[in-house]
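Novice: Dropping a prediction and its sequence here:
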Amino acid sequence: MSLIKPTPWDTVVFGVPTWELTEYSEKALQQATQEVGHYTIKVDPLVDKRLLHEHGFYYCDTLIEPHCSSTRLRAVQHPEAKIAKDIDVKQALVICHGAFSHGRFHRDFNLPMAAADLRYENWLKQLLEVQQVYGLYWQGELAGFIGHSGNNLVLHALAEKCRGKGRSKYWWSAVCGELLRAGHYEVKSSISVSNLAVLNLYASLGFIFRNPQDIYHRMTS
């Protein structure tokens, strides 16, 4: 297996070759110093980070995986909160723009913020094209979206005016319930541990957490 794999979807938005290391080893880290580009590696938070620092990698984020089965899900409902896959693309993209400030690309000082926004907007477009996005509605108006790949909630955001009002649990509960009824054993996601609002949301619905990963980046010029 190659020590480094290309991530062409990121190359398109950042304008430089982008790569992800497939293992944490001195050989792989050394390879990342040889060619121009932006490199990502995900490592166990408890491993020795000395090699990463010696090879110019810098910390960007820690991800953790919330997961929940049907027996753990604490379902909650509200008559004004609805979900539907009928969603206005333009409205969804407006909500998406600038909504991912906790993401590792927005926190990477070597990458332009506008390109980081574009990365998530392109991802949302791709999910919309294959109808893998739930619109989140409050009193009939689009308030956010949850994009998924199978049972994995891969991309989600709320309009700024809809945040902090305690409504997210109704939408997340509805989407998780629908995916579980479709036959999935569990629903999962991947979130930044710095996003405490989302972490607390998942915990309140009965999710537990596993697979923490520290994310390090390097820009080779």
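Specialist: In hand now; what should we look at?

Novice: remind me which residues of the chain are low pLDDT?
Specialist: 1 (pLDDT under 70).

Novice: care to break this structure down by domain?
Specialist: 4-63+215-220, 67-210 (the TED database).

Novice: In TSV: the ones you listed, plus mean neighbour count.
Specialist: Placement of C-beta: from N, CA and C, glycine included. Listed next are the domains of the chain as TSV, based on neighbours: other C-beta atoms under 10 Å:
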stretch	mean neighbour count
domain 4-63+215-220	16
domain 67-210	17
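
Novice: Would you mind writing the CA trace of the longest helix anywhere in the chain as CSV?
Specialist: If you go by DSSP state H, the chain has its longest helix at helix 113-129. The C-alpha coordinates for helix 113-129 follow below in CSV (Å, rounded to 0.1, in the frame of the first residue of the first chain):
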residue,chain,number,x,y,z
MET,A,113,-10.4,30.7,4.4
ALA,A,114,-12.4,31.2,1.1
ALA,A,115,-11.0,28.0,-0.3
ALA,A,116,-11.9,26.1,2.9
ASP,A,117,-15.5,27.4,2.5
LEU,A,118,-15.5,26.3,-1.1
ARG,A,119,-14.4,22.8,-0.1
TYR,A,120,-17.5,22.3,2.0
GLU,A,121,-19.8,23.9,-0.5
ASN,A,122,-18.5,21.5,-3.2
TRP,A,123,-19.0,18.5,-0.9
LEU,A,124,-22.6,19.7,-0.2
LYS,A,125,-23.3,20.0,-3.9
GLN,A,126,-22.1,16.4,-4.5
LEU,A,127,-24.3,15.1,-1.7
LEU,A,128,-27.3,17.0,-3.0
GLU,A,129,-26.8,15.5,-6.5
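
Novice: how about the strands in the chain?
Specialist: 4-6, 18-21, 37-43, 58-69, 81-84, 133-138, 141-149, 152-158, 186-189, 191-192, 208-220 (DSSP state E).

Novice: what residues does the longest one touch?
Specialist: Spelled out, that is strand 208-220. Contact partners of strand 208-220, identified using C-beta atoms under 8 Å, 6 or more residues apart in numbering, comprise 16, 32-45, 49, 52, 55-68, 72, 104, 108, 110, 193, 202.
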